[in-house]
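Enquirer: Can you look at this prediction? I've put the sequence above it.
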Amino acid sequence: MQLTVLPGDGIGPEITSAALQVIEHVKRAFSLDLTIDVHDIGLAALQRTGTTLPPSVLEACRRADGVILGPVSTASYPARDQGGVNASAALRIELDLFANVRPSRTREGLQHWGRTPMDLVIVRENTEGFYADRNMYSGTGELMPTPDLALSIRRISAAASSRIARAAFELAAARRRHVTAVHKVNVLGVTEGLFLREVQSVARAHSDITYDEQLVDSMAALLVRDASRFDVIVTTNMFGDILSDEAAELSGSLGLGASINAGERHCMAQAQHGSAPDIQGQNKANPTSLILSSAMLLDWLGRRHRQENLRAAARLIEKSVDVVLNNPATRTADLGGPRSTTAFTFELCKEIDSRASR
Ligand code: ATP
C-alpha cells in the first residue's frame, strides 16, 4: 500500500517527521505492507518549482492509497496566478474528500477545559458551503460589485448534504448511536432547510440511531457546558471547521485534534491545527494531532481493504498516545510538559515497541 506524505509549511516538517517515525514503528510491529514517498509542497516547492502544489505531487496523491498532509501556511502564499495554491483545499476537491471527520476526546490524567468529559466526532461537509475559494465550478464564490460592496455565495446541495449525513450515520452505528445535526435554519432558511431535509431523510432510514438537531450558536455553548451528551455531530463546512477547533481545544488542546478527509476512494490525514509559524523550527510543536490523524488513516485503509493489521496498528498508536499523555513528565509544552517534539516522539515510539512486544 502506498502512502504519499506532504510535510507542508511551518511546523509541518517537524510533526510529519514524528508521524513517519511512529508509522515506521507500527509497520515493523505489524509487518505492514506500506511504501512511503515524501514530496515537497508549500513554500519549499514554490522556491523550486514555482508552485506550492506541483502537478506531479497531485498525481502522486491520486495514485496513492492514502495521503498525509502537514499544515500549510496559506497566509504567506502569493496569489494563485503566481503559484500560491492551497494544497489542503485543492486535494479535498481533486480527490473528492467530502467527509472531514474530527474526533475530540478527553483523556485520563489530562486536563480538559469544558465542564464535562467528552468523546465525540464532528463530521463536517468538506466540499461546498461558505468556502468561496472552492465552491464554484468556475470562478470563486466571492464577488465585489463595487469597491465598497462584497458578497459571498454559500453553496449547499442535496447530494453533498445526503452523503455527509450517510457518513455520519454509518459512523454513529459503530459508536454510541446518536447523531446531532448542527444548523442555523432560523436565519438561513433555504440552504440550511435543504441540508436538514437531507439529513432527516437519512435519519429516517436509521431508526436504530437516535437523532436530534441544535442551532450552531447553542451548540457552541453546549460544547463548553455539557459536551458529554454528544456522540456524532454532522454539519456544514464552516460550522464544522469552527466547532471542531472549539471541541479539540476544550478536550485538552488544539494540538490533540486528529482528522481525516475521506471520500469513496481516497483518504487524507491532516492535523486540525494550522502551521504555527510562531513556533516553527523550535522543536516545540506537539505532533499528537498529525500522529493520531495518521492512525485514523491506517484505520480507514484497514476498513476499506479489510486488513485487520492496519486497524490494530491504529489502535496501538491511540493507546500508546493515551499512555504517554497521561504522564505529565512526557508531555509537550502546549500541555505544560517539558518534552520537545523529538523527545515526545521518542517516548511514544518506545511505548509502541513495548506494547507490541507484549
Ligand atoms: P496558520 O496560519 O497556518 O493557521 P496559525 O498560527 O495562525 O497558523 P495555528 O497553527 O492553528 O494557527 O496556531 C494557533 C496557536 O496554537 C499558535 O500559537 C500555535 O503556536 C499553537 N499551536 C498550533 N498547533 C500547535 C501544535 N501542534 N503544538 C503546539 N502549539 C500549537
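Expert: Alright, I've got the coordinates. Residues are numbered from 1 along each chain as shown.

Enquirer: Can you report how many residues lie near residue 308?
Expert: When neighbours are counted by other C-beta atoms under 10 Å, residue 308 registers 10. No exception for glycine: its C-beta is placed from N, CA and C like everyone else's.

Enquirer: From here on, call the first residue 17.
Expert: Okay, using 17 as the starting number, the last item reads as residue 324.

Enquirer: Please give me every residue in contact with it.
Expert: Contacts for residue 324 were tallied using C-beta atoms under 8 Å, 6 or more residues apart in numbering; they are residue 318.

Enquirer: what do you get for the one 3 residues further on?
Expert: Taking C-beta under 8 Å, 6+ apart, we find residue 327 in contact with 314-315, 318-319.

Enquirer: So which of these sit within helices?
Expert: 314-315, 318-319 (DSSP state H).

Enquirer: Format those as TSV; extra columns: distance to residue 185.
Expert: What follows is the ones in helices among the contacts of residue 327, written out as TSV (distance: C-beta to C-beta, whole Å):
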residue	distance to residue 185
314	23
315	18
318	21
319	16
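
Enquirer: May I ask which of those residues has the most neighbours?
Expert: Counting neighbours by other C-beta under 10 Å, residue 314 leads the ones in helices among the contacts of residue 327 with 30 neighbours.

Enquirer: Excluding covalently adjacent residues, which one is nearest to it?
Expert: Of all residues not flanking residue 314 in the chain, residue 330 sits nearest, at 4.3 Å (C-beta to C-beta, 6 or more residues apart in numbering).

Enquirer: any idea what sits nearest the residue most central in space within the chain, other than its immediate chain neighbours?
Expert: The structure's the chain has its C-alpha centroid closest to residue 275; by C-alpha atoms, centre = their mean the separation is 2.3 Å. Counting by C-beta to C-beta, 6+ apart, residue 275 lies nearest to residue 118, which is 4.4 Å off, once chain neighbours are set aside.

Enquirer: In this structure residue 306 contacts residue 36, no?
Expert: No. Residue 306 is beyond contact range of residue 36, at 9.7 Å (criterion: C-beta atoms under 8 Å).

Enquirer: Now do the same contact list for residue 219.
Expert: Shown in contact with residue 219 (C-beta under 8 Å, 6+ apart): 181, 185, 195, 225, 227.

Enquirer: hang on, it is in a strand, isn't it?
Expert: No. Counting by DSSP: H, G, I helix; E, B strand; the rest coil, one finds residue 219 to be helix, located in no strand.

Enquirer: Can you give me the pLDDT of it?
Expert: Note for residue 219: predicted pLDDT of 98.

Enquirer: Kindly report the same for residue 271.
Expert: Here, the pLDDT recorded for residue 271 equals 86.

Enquirer: so what's it up against?
Expert: Residue 271 neighbours (C-beta under 8 Å, 6+ apart): 289, 301-302, 304-305, 348, 350-351.
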